[in-house]
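Peer 1: only geometry, no sequence info:
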């Protein structure tokens, strides 16, 4: 078994690392990344199932608040850059004309493609620091010896680490290697963090439209969403009507990104996000 130092790069401090470059368009992604890490930490916290469910509910509410805040910031930025006040479209006019999604900037499309990464969560069964966990893993596994490419490593609470790779195959090889080493198998919990489905934001939906009607309208008017797993994450009041956040399976989201438009007759306008 390889014992030489691995080439994993630690990108975090004692807790979750944060990119020094501030981009408001990346806030939601960082919030979702943090939610994934919190889910993993809660799963290995040793708390009872009821307590874990309670903690997960608090995390979900926190992410919901972040999403709502980001949408409001986006609206404010749009109003500040616009020379005039937006005139709300009447519901009668909305149902006569299909509303197409605007083309997203090339930078946003590029980031969506490069953001796809694969992770494995390593959490010690006994109390220790993330630094000790990292050192133990690095001393026992050399990625280059098993032909695995790794991007970086993040430290999380409970002494855990998240190892990030560009491919699912690399993560699979790494997990297989961990299973062969008794020191790792006996002292650490290894799992893949749950990947959250991507979402779209539908702006200015008429308040009379209900959840079922919204989802049926999206499916009926867009062939790529006909069999999609659409779920309403949340909705909240906006300047005109309501804003809805709708998640979907990655394959359906990929079709939406590829076509760069959705038909939303009588529903609202849309913005895509990860």
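Peer 2: Here it is on my side, so go on. Not measured: the values here are computed from a predicted model.

Peer 1: hey, let's count contacts and neighbours off CA atoms from now on
Peer 2: Will do.

Peer 1: which residues of the chain fall in strands?
Peer 2: Per DSSP state E, the chain carries strands over the ranges 118-124, 152-155, 161-165, 188-191, 199-205, 231-237, 242-247, 269-273.

Peer 1: tell me the domain boundaries of the chain?
Peer 2: As given by the TED database, the domain ranges for the chain are 28-78, 118-191, 199-272.

Peer 1: would CSV of those with mean pLDDT and mean neighbour count be doable?
Peer 2: Shown next, in CSV, are those (pLDDT from 0 to 100; neighbours: other C-alpha atoms under 10 Å):
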stretch, mean pLDDT, mean neighbour count
domain 28-78, 71, 15
domain 118-191, 88, 18
domain 199-272, 80, 17
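
Peer 1: For the nearest residue to residue 248 once chain neighbours are set aside, which residues are in contact?
Peer 2: Spatial nearest neighbour of residue 248, chain neighbours left out: residue 230 (4.6 Å); criterion: C-alpha to C-alpha, 6 or more residues apart in numbering. Contact partners of residue 230, counting by C-alpha atoms under 8 Å, 6 or more residues apart in numbering, are 215, 246-249.

Peer 1: want to try TSV for those, with distance to residue 179 as columns?
Peer 2: Formatted as TSV, the contacts of residue 230 follow (distance: C-alpha to C-alpha, whole Å):
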residue	distance to residue 179
215	43
246	38
247	34
248	33
249	30
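
Peer 1: quick check, nearest of those to residue 65?
Peer 2: Residue 65 has its nearest neighbour among the contacts of residue 230 in residue 246, at 15.1 Å by C-alpha to C-alpha.

Peer 1: roughly how far apart are that closest one and residue 197?
Peer 2: 10 Å (C-alpha to C-alpha, to the nearest Å).

Peer 1: Please name whichever of the strands of the chain is nearest to residue 258.
Peer 2: Across the strands of the chain, residue 258 has its closest neighbour in strand 269-273 (11.7 Å, C-alpha to C-alpha).

Peer 1: Once you drop chain neighbours, what's closest to residue 232?
Peer 2: Setting aside the residues directly before and after it, residue 232 is nearest to residue 246 in space (C-alpha to C-alpha, 6+ apart), at 4.5 Å.

Peer 1: For that neighbour, which residues are in contact?
Peer 2: Residue 246 makes contact with 199-202, 230-234 under the criterion C-alpha under 8 Å, 6+ apart.

Peer 1: Please report how far residue 168 lies from residue 250.
Peer 2: Taken as C-alpha to C-alpha, the span from residue 168 to residue 250 is 15 Å.

Peer 1: my bad, should have said residue 163
Peer 2: 22 Å.

Peer 1: One more: residue 63?
Peer 2: Residue 63 sits 20 Å away from residue 250, going by C-alpha to C-alpha.

Peer 1: do residue 193 as well
Peer 2: 16 Å.

Peer 1: what's the answer for residue 217, then?
Peer 2: 20 Å.

Peer 1: Next: residue 196.
Peer 2: For residue 196, the distance to residue 250 - C-alpha to C-alpha - is 9 Å.

Peer 1: Touching, residue 133 and residue 158? I think so.
Peer 2: No. Residue 133 lies out of contact with residue 158 (C-alpha atoms under 8 Å); the separation is 10.2 Å.

Peer 1: tell me, what's touching these two both at once?
Peer 2: With C-alpha under 8 Å, 6+ apart as the test, residue 133 and residue 158 both reach 123-124.

Peer 1: and residue 177, what does it touch?
Peer 2: Contacts for residue 177 (C-alpha under 8 Å, 6+ apart) come out as residue 141.

Peer 1: All the helices of the stretch 51-200 of the chain, residue numbers only.
Peer 2: Applying DSSP state H, counting those that start in this stretch to the stretch 51-200 of the chain gives helices spanning 91-94, 106-114, 130-140, 168-180, 182-187.

Peer 1: so residue 242 bridges to which residues?
Peer 2: Beta-bridge partners of residue 242, counted by DSSP bridges, are residue 205, residue 237.

Peer 1: my read: it touches residue 210, true?
Peer 2: No. Assessed by C-alpha under 8 Å, residue 242 is found out of contact with residue 210, at 10.6 Å.
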